[in-house]
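[1] What follows is a predicted protein model with its sequence.
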Amino acid sequence: VDDWKIVSGLSASPAGNHAYFVSNASSSKDASLVSPVYLVADGAELQFAHRLRTEAGYDGGVLELSVVGDGAWVDLGGQIVEGGYDSVLPEGPLAGRSAWSASESAWREVRVDLSPWAGEQVQLRWRLACDAVVGAEGWWIDEVVVDVVAAGCDAVICGVPGEVRGVEVGKDGDSLVLGW
């Protein structure tokens, strides 16, 4: 079941506004939140905040990237420079992979180096996987900011301010800000 949704309230977001949320099921699950397509700038970095309340060590989330036209998703764990993965999941859809897996109420900041994809059109995917045993509350994603190339591309590719697939896209200098 892919049940990502926008939630609101003080506990739902570090800013007290809105965040994307997916529940942690007690059945096998593989749910993805996929960004709009955009062009990566030289030296680009992705920043976001997340909160995870899963069956620690068994259910968890990863961050992946796909180059448009490639069709493959690459795990970004090796590109995380702050707030990296903390577990290896033993079973479920991400069995054997490093992931975020925890049961905590604190928001954590993550920074990811996207410079290897400079000049590429890409999408990001936050992916929660659950085994078929114990469930928990879920995973929240908020305050997503990524550097983009601003010149010579349209709103879907570049993230020029506007509404793209339910995500409010704004610009702050050379950064793309995704909001909900």
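    Nice, I can see it. This is a predicted model, so every value here is computed, not measured.
[2] Look up which helix or strand the residue nearest to Glu143 when sequence neighbours are not counted falls in, please.
    Nearest residue to Glu143 in three dimensions, chain neighbours excluded: Ala49, at 4.4 Å (C-beta to C-beta, 6 or more residues apart in numbering). Glycine gets a C-beta too; all of them are placed from N, C-alpha and C. Following DSSP states H and E, one finds Ala49 within strand 45-53.
[3] Skip ahead from that strand and say which helix or strand is next.
    strand 60-67.
[4] how much space is there between Asp113 and Tyr58?
    Asp113 is 29 Å from Tyr58, where distance means C-beta to C-beta, to the nearest Å.
[5] residue ranges with poor pLDDT in this protein?
    1-2, 9-16, 26-28, 132, 134-135, 147-180 (pLDDT under 70).
[6] what's across from the most centrally placed residue in it in the sheet?
    Residue closest to the average C-alpha location in the chain (C-alpha atoms, centre = their mean): Trp126, at 3.5 Å. With DSSP bridges as the criterion, Trp126 is bridged to Leu33, Leu63.
[7] mind listing what's buried in the longest strand along the chain?
    The single longest strand within the chain, with elements called by DSSP state E, is strand 136-147. Within strand 136-147, the residues scored as buried using 16 or more other C-beta atoms under 10 Å are Ala136, Gly138, Trp139, Trp140, Ile141, Asp142, Glu143, Val144, Val145, Val146, Asp147.
[8] got the CA coordinates for it in CSV?
    Only the C-alpha atoms of strand 136-147 are listed here, as CSV (Å, rounded to 0.1, in the frame of the first residue of the first chain):
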residue,chain,number,x,y,z
ALA,A,136,4.6,1.4,14.2
GLU,A,137,3.6,5.0,13.5
GLY,A,138,5.5,5.9,10.3
TRP,A,139,7.9,8.3,8.5
TRP,A,140,7.6,12.1,8.1
ILE,A,141,9.5,14.2,5.4
ASP,A,142,9.7,18.0,5.5
GLU,A,143,11.7,21.1,4.8
VAL,A,144,13.1,19.7,1.5
VAL,A,145,15.5,22.1,-0.3
VAL,A,146,17.7,21.2,-3.3
ASP,A,147,20.0,23.3,-5.4
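[9] Which strands or helices does that strand pack on?
    strand 18-24, strand 45-53, strand 121-130, strand 175-179 (3 or more C-beta pairs under 8 Å, 6 or more residues apart in numbering; DSSP states H and E).
[10] can you list contacts of the second one?
    Just to be clear, that refers to strand 45-53. 14, 19, 24, 60-61, 81, 100-115, 124, 126, 136-147 (C-beta atoms under 8 Å, 6 or more residues apart in numbering).
[11] I appreciate the help and will end here.
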